[in-house]
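Participant: any chance you could fold what I've pasted below:
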Amino acid sequence: RETDKIDLFSGHATTETRFSDSFWLTTAYSYTTLGSDLTGTRIYGPTYNSAYSDPIATLGIRDHGFLNLAGSAQIEQYVVNLNAMWVPMKNLTVLSAFRYTAENKQSDAVYLDTTLRAIPPIPTAVNSSENVNTFAETLEVRYAGVANWLFYLVGDWEEESGDIQENEVAAGEALPGNKNLDLLWQKYTVGFNWYPLERLNLSAQYFYKNLRYDNASTADGQQLQNQEWDTNDVNVRLTWRPKIPAKLGTLALVTRYDYSTVSVYGQWGIPDEPPFQSLRTALITNQSITESITWNPLARLYFQGDFSYVLSKTNTPADYNFTPNTIPTVLDFTSDYWTAGGAVGFALDPKTDLSVEYSYYRANNYVNNAVAGLPFGEGATENTVSASISRQIAKNIRLKLQYRYFKYTDETSGGHNNYEAHSLYSSLQFRF
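Facilitator: The predicted structure is shown next:
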């Protein structure tokens, strides 16, 4: 049983300056502050809402609960944004952007830490502070000088640095920890859009993305000191709007294929010792194909169907057999799944819309290697049905009501995470 009280304030300001028809500059600034007070108790027991005195035979040493929690947190965020657009010639456009974000977090809490009932609750106090500065830049060049073609190049960069200070005092023993973070993220994209026919267009894109993470920490135990992610991605999208008899309305089909590889390199270390050798810890290969069909037989009625199939595998050097096991303790991770869904929407009148949706999700990756290690891999099925109605009450006010039904079955947990759920949702939107 926990209670969380949150106070949030946010404000922003923007400017737009047109030096000429070919050069525009926009600026923005935002400030957000959030304060949170948390109280409550978490008790592990044989039934829901158990008392602390209720016995539980299966309680383990790592099943930490707490009594009489009292905590608070304060977050402040400052964001400055600059954007420029320059058109040096008719078919050439240059876009650039810069963003600076400063985020400060302070939190503290006191509580009684509980584990086994035979051990008295341990008075514990914790506090932490986090200060992070982030710089982000974007440069994009578009060229449309060839008939029916659009070419573009994009560069994105992000630099983040900060420090985290954490301290825990339990039963009079202090456990401090300081961490310094440095992150460099960069992405380079090249692509084109081609319009060979009035009702057909083809888009293709390639991007390379690199993320480097450096971590210096005084905490005890083995630490990830450096990590690097290299991503190569190719994707192709085809959009076709076939011509059909006018009395049948309009039809649109969108097909997309993605292929990507991700190499992960990591380096670990132990305090006061030289770091271990850097290793490639994972090679991730992803493929996906998606199809979407939208049919509008009437201006106020639409039918939509979609399907996606994803193949994803992570190869790791940890997939070897410990003697005398005949299967690996840690398997290569497979995350294949497919989804299918449909939707129907109808405009009752200019101010009222109805919609009904259905979606299905299936993953079949569970492998029971409990003899050698902890089984991973998701084996799950989910069905979702929803119906909603929205009404524009006034020019700037819209009301929405929605009902959703969920049914989820999970093989990985042996069925213990199966559930059925119903939800009712309403929203009232004001536009100023």
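Participant: which intervals of the stretch 301-432 of the chain have sub-threshold pLDDT?
Facilitator: 322-323, 325-326 (pLDDT under 70).
Participant: what are the boundaries of the strands in it?
Facilitator: Secondary structure of the stretch 301-432 of the chain (DSSP state E, counting those that start in this stretch): strands at 301-315, 333-334, 337-349, 352-364, 379-394, 397-410, 419-430.
Participant: can you redo these as JSON lines with distance to residue 78?
Facilitator: In short, each C-beta sits where N, CA and C put it, glycine included. Below are the strands of the stretch 301-432 of the chain laid out as JSON lines (distance: least, CB to CB, whole Å):
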{"stretch": "strand 301-315", "distance to residue 78": "38"}
{"stretch": "strand 333-334", "distance to residue 78": "39"}
{"stretch": "strand 337-349", "distance to residue 78": "39"}
{"stretch": "strand 352-364", "distance to residue 78": "39"}
{"stretch": "strand 379-394", "distance to residue 78": "35"}
{"stretch": "strand 397-410", "distance to residue 78": "32"}
{"stretch": "strand 419-430", "distance to residue 78": "27"}
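Participant: from the ones you listed, which stretch is densest packed?
Facilitator: Mean neighbour count, computed with mean count of other CB atoms under 10 Å, is highest for strand 333-334 among these, reaching a mean of 18.
Participant: pairing partners for that strand, with directions?
Facilitator: Sheet pairing of strand 333-334 (DSSP bridges) gives strand 301-315 (antiparallel).
Participant: for the strand it pairs with, list the C-alpha coordinates in PDB.
Facilitator: Extracted as PDB, the C-alpha positions of strand 301-315 are listed here (Å, rounded to 0.1, in the frame of the first residue of the first chain):
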ATOM      1  CA  LEU A 301     -16.200   5.100 -43.100                       C
ATOM      2  CA  TYR A 302     -12.900   3.300 -43.100                       C
ATOM      3  CA  PHE A 303     -11.500  -0.200 -42.600                       C
ATOM      4  CA  GLN A 304      -7.900  -0.800 -41.700                       C
ATOM      5  CA  GLY A 305      -5.900  -4.000 -41.400                       C
ATOM      6  CA  ASP A 306      -2.200  -4.500 -40.500                       C
ATOM      7  CA  PHE A 307       0.200  -7.400 -40.100                       C
ATOM      8  CA  SER A 308       3.800  -7.500 -39.000                       C
ATOM      9  CA  TYR A 309       6.400 -10.300 -38.600                       C
ATOM     10  CA  VAL A 310       9.600  -9.900 -36.700                       C
ATOM     11  CA  LEU A 311      12.700 -12.100 -36.600                       C
ATOM     12  CA  SER A 312      15.200 -11.200 -33.900                       C
ATOM     13  CA  LYS A 313      18.200 -13.100 -32.500                       C
ATOM     14  CA  THR A 314      21.000 -12.200 -30.100                       C
ATOM     15  CA  ASN A 315      24.200 -14.200 -30.300                       C
END
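Participant: what's the angle between it and strand 352-364?
Facilitator: 30 degrees (axes from the mean of the first three to the mean of the last three CA atoms, to 10 degrees).
Participant: show residues contacting strand 301-315.
Facilitator: Strand 301-315 has contacts (CB atoms under 8 Å, 6 or more residues apart in numbering) with 282-297, 332-347.
Participant: any weak-confidence spans in the stretch 151-300 of the chain?
Facilitator: Using pLDDT under 70, the flagged stretches of the stretch 151-300 of the chain are 218-222.
Participant: in it, which spans are strands?
Facilitator: 173-197, 200-217, 223-240, 250-269, 279-298.
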